[in-house]
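Engineer: Fold the following for me, if possible:
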Amino acid sequence: DEAIALHLRELDIGEKTLGPEHPDVATTLNNLGITYLGKQDLEKAEPMFRRALAISEKILGPEHPDVANALNNVAAIYMKTKRYEEALPLEERALAIHTKSFGAKHPMVATTLRTLAGVHASLNRFDSAEALIDQAIEIQRAVYGENHPELVASYSTKAGFYFQAKRYQDSLKMMRTATD
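Structural biologist: Numbering: from 1, shown residues only. Alright, predicted model coming up:
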C-alpha cells in the first residue's frame, strides 16, 4: 500500500539522517503503527508502537506526554488482541502522566479516563468502569458544555458498559442522553 511505503521510506531516511533514536523517528514509527492498525495488521503495528515507546521514554523521559500517547497505542494493540490485563497498567500509567502534565481537569485526562474505563469494562469490572467514565463525563461537561462530540462519545461508551453489564434500561437511558 502506498501509505505504508511512504512511511517506510520516511523511516529509512529519518534513521539515516537523524539516527535511530530521534524523536522524529519515534513519530514516524507511531504513524506507521497507526497505518498498520488501520489495516488490522496488528502483528506489524505492535513492534512499531513498542519501538516508538522505547525511543520516547529514552529521549523524552518516562513522564513526557508523548510517552503517554505511545503507551495508549501499545495498550490499543493489547485491547484488540484481548490482552486486557496487559493493557491495564499501560493505561493507568498514561493517565498518571496526563494528569501530572495537564492537570486533573484537562480534556486529555478525560479521554484517557474513558479509555481506561474501557479496559475495566473489558475485564468485567463494571463498577470501576462506571466510576472512571463518570469522571471523564464530569471533566468534559465542565470543559465543553453539553453538546460536544467528546461528551457524546463518553455517553455512548457508558451506555455500552451498561449493556455489557446487562443493565439494559440504564443502557437505553444513556443512549437517549447521548442522542438528545
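Engineer: rest of the way, CA atoms for contacts and neighbours
Structural biologist: Will do.
Engineer: Which residue, other than its chain neighbours, is closest to M108?
Structural biologist: Closest residue to M108 apart from its sequence neighbours, by C-alpha to C-alpha, 6 or more residues apart in numbering: H98 at 6.7 Å.
Engineer: I'd assumed E150 was in contact with Q140.
Structural biologist: Yes. If you go by C-alpha atoms under 8 Å, Q140 and E150 touch, sitting 7.2 Å apart.
Engineer: Neighbour count for those two, which is higher?
Structural biologist: Q140 (26 against 19; other C-alpha atoms under 10 Å).
Engineer: Does the more buried one belong to a helix, a strand or coil?
Structural biologist: Following DSSP: H, G, I helix; E, B strand; the rest coil, we place Q140 in the helix state.
Engineer: For A110, which non-adjacent residue is closest in space?
Structural biologist: Per C-alpha to C-alpha, 6+ apart, closest to A110 is A136, 4.2 Å.
Engineer: do P62 as well
Structural biologist: Closest residue to P62 apart from its sequence neighbours, by C-alpha to C-alpha, 6+ apart: S56 at 7.8 Å.
Engineer: same question, Y144
Structural biologist: L151 (7.8 Å).
Engineer: again, but for F161
Structural biologist: Distances taken as C-alpha to C-alpha, 6+ apart place A121 nearest to F161, at 6.3 Å, with adjacent residues excluded.
Engineer: ok, that neighbour touching Y162?
Structural biologist: No. A121 lies out of contact with Y162 (C-alpha under 8 Å); the separation is 9.4 Å.
Engineer: Which helix or strand lies directly C-terminal to the helix or strand hosting A26?
Structural biologist: Using DSSP states H and E, the element containing A26 is helix 23-38. Counting by DSSP H and E, the next helix or strand C-terminal to helix 23-38 is helix 42-60.
Engineer: Next secondary structure element downstream of that following helix?
Structural biologist: Using DSSP H and E, the helix or strand that follows helix 42-60 towards the C-terminus is helix 65-80.
Engineer: Flag every buried residue along the helix or strand following that following helix.
Structural biologist: Going down the chain from helix 65-80, the next helix or strand is helix 84-102, by DSSP H and E. Within helix 84-102, the residues that count as buried by 16 or more other C-alpha atoms under 10 Å are 84, 87-88, 90-99, 101.
Engineer: One more: stretch 154-165?
Structural biologist: S154, Y155, S156, T157, K158, A159, G160, F161, Y162, A165.
Engineer: In helices, which of the residues you listed fall?
Structural biologist: Members of the buried residues of stretch 154-165 lying in helices (criterion: DSSP state H): S154, Y155, S156, T157, K158, A159, G160, F161, Y162.
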